[in-house]
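>>> Quick check, what structure comes out for this input:
(one chain, ligands or ions: 1)
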Amino acid sequence: VNHLLGIKYLQEKDIQLIFETADHFKEVINRPIKKVPSLRDITIANLFFENSTRTKLSFELAEKRLSADVINFSAGQSSVKKGETLIDTVNNILSMKVDMVVMRHPNPGAGVFLSKHVKANIINAGDGAHEHPTQALLDSYSIRERLGDVAGKNVVIVGDILHSRVALSNIYALKLQGANVMVCGPKTLIPKYIGDLGVKVETNLRKALEWCDVANMLRVQNERMDISYFPSTREYTQQFGVNKALLDSLNKEITIMHPGPINRGVEITSDVADSKQAIILDQVQNGVAVRMAVIYLLAGKIKQ
Ligand code: CP
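Residues are numbered from 1 along each chain as shown. From the prediction side, this is the model:
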């Protein structure tokens, strides 16, 4: 059984294989006929125990472009509400001859837990504040597309690092590819273990932007806060929000990224989010090809 549970479990060569495969699928989905018959014999269940727009629709589209059969499950409309466990839920779905499970879950480690208890290939679509591997892959793929390479680039991840699965997966992915990584945010939103991951820490946004080639702006995840980590949204925006005036005052043009959903006017102003410096919608577009590549490569292993 093969999984994509986190970037932590990948090697650099795995990422390069995913990117080369995604290059092919990106070309395919730009053709008038966007589908390939590769996975006609595969059935995939998308299990979302937490809200999603981009990841859920991107996985579904990737699966359909590969001609897989697809079933979708949202916990809110399911028998989870009647008390059914995660393992029972997944085993019931698997008994319908499902080959692969894509799962988003609010609990960190949910994918790893599931992989030990059920017989299916599992792709982690985000597990709490732990990992979001396909987001990190599409982020690096988008940097590679815009700047030619990830190796050697200075990338700062700005914002709520503590609650961000996007930050952790990006740190693993960027480091594997030889990028220099910095995190920037309020001290209260930077986890203590961050130094062990070999990343720089900066609490001054201007200094971080002066250092970087790429700034990945994160949302403050109020839904994961159980105490007040920072005084106010207004203060956060003043110290850690990017706006056009700040970017224009740098003597270079940096690439701006955001995994979405954006809180416009909080971590990023609209004049930046909608500018040519930002590759936010390119990230979303690339997500389909990158997820096609991940599913295709894992499914290939099912058939072996
Ligand atoms: N980037 C991302 O994971 O967005 P969604 O929560 O909408 O899937």
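>>> State the distance from Gln177 to Ala151.
Spatial separation of Gln177 from Ala151 under the definition CB to CB, to the nearest Å is 6 Å. Any C-beta I mention is one placed from the backbone N, CA and C, and that applies to glycine too.
>>> for the closest residue to the ligand within the stretch 151-300 of the chain, what are its contacts?
Among all residues of the stretch 151-300 of the chain, Pro259 sits closest to the ligand, at 3.9 Å; criterion: CB to the nearest ligand atom. With contacts taken as CB atoms under 8 Å, 6 or more residues apart in numbering, Pro259 has the following neighbours: Arg54, His132, Gln135, Asp139, Val166, Asn216, Leu218, Arg219, Gln283.
>>> which of these count as buried?
Buried residues within those, counting neighbours by 16 or more other CB atoms under 10 Å: Arg54, His132, Gln135, Asp139, Val166, Asn216, Leu218, Arg219, Gln283.
>>> and the fourth one, what element?
Read that as Asp139. Here Asp139, judged by DSSP states H and E, is contained in helix 133-147.
>>> ok, of the contacts of Pro259, which one's closest to Ile93?
His132 (22.0 Å; CB to CB).
>>> Hmm, Gly111 and that closest one touching each other?
No: the pair formed by His132 and Gly111 falls short of the contact definition of CB atoms under 8 Å, at 10.7 Å.
>>> Could you name every residue contacting both of these two?
Residues touching both His132 and Gly111 by CB under 8 Å, 6+ apart: Asn124.
>>> Roughly how far does the residue in the stretch 101-250 of the chain that the ligand sits nearest to sit from Asp99?
Scanning the stretch 101-250 of the chain for proximity to the ligand using CB to the nearest ligand atom identifies Gln135 as nearest, at 5.4 Å. Between Gln135 and Asp99 the distance, using CB to CB, works out to 23 Å.
>>> do Gln16 as well
Gln16 sits 25 Å away from Asp99 when distances are taken as CB to CB.
>>> Glu253 too?
For Glu253, the distance to Asp99 - CB to CB - is 45 Å.
>>> okay, those two: which has more neighbours?
For Glu253 against Asp99, the residue with the higher neighbour count under other CB atoms under 10 Å is Asp99, and the figures read 19 against 12.
>>> Show me the shaky parts of the stretch 151-300 of the chain.
For the stretch 151-300 of the chain, applying pLDDT under 70 flags the ranges 223-231.
>>> Which residue ranges of it form strands?
When assigned using DSSP state E, counting those that start in this stretch, the strands of the stretch 151-300 of the chain occupy the ranges 154-158, 180-184, 200-202, 214-217, 255-257.
>>> now swap in the stretch 1-150 of the chain and tell me
Read by DSSP E, counting those that start in this stretch, the stretch 1-150 of the chain holds these strands, from start to end of the chain: 43-48, 69-74, 100-105, 121-127.
>>> Make a markdown table out of those strands and add distance to the ligand and mean pLDDT.
Below are those laid out as a markdown table (distance: least, CB to the nearest ligand atom, whole Å; pLDDT from 0 to 100):
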| stretch | distance to the ligand | mean pLDDT |
| --- | --- | --- |
| strand 43-48 | 9 | 98 |
| strand 69-74 | 13 | 96 |
| strand 100-105 | 7 | 98 |
| strand 121-127 | 6 | 97 |
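>>> Spell out which parts of the stretch 151-300 of the chain neighbour the ligand.
Within the stretch 151-300 of the chain, the positions near the ligand by CB under 6 Å from any ligand atom are Pro259, Gly260, Pro261.
>>> For the strands of the stretch 1-150 of the chain, give me CSV that also has distance to Ala289 and mean neighbour count.
Output for the strands of the stretch 1-150 of the chain, formatted as CSV (distance: least, CB to CB, whole Å; neighbours: other CB atoms under 10 Å):
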stretch, distance to Ala289, mean neighbour count
strand 43-48, 17, 22
strand 69-74, 17, 16
strand 100-105, 16, 25
strand 121-127, 15, 25
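>>> how about TSV for the ones you listed, with distance to Leu86 added?
Converted to TSV, these look like this (distance: least, CB to CB, whole Å):
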stretch	distance to Leu86
strand 43-48	9
strand 69-74	11
strand 100-105	8
strand 121-127	12
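>>> What is the burial count for the residue lying closest to His105 once chain neighbours are set aside?
Computed as CB to CB, 6 or more residues apart in numbering, the closest residue to His105 that is not its neighbour in sequence is Phe49, at 4.5 Å. Phe49 sits with 22 neighbouring residues when counted by other CB under 10 Å.
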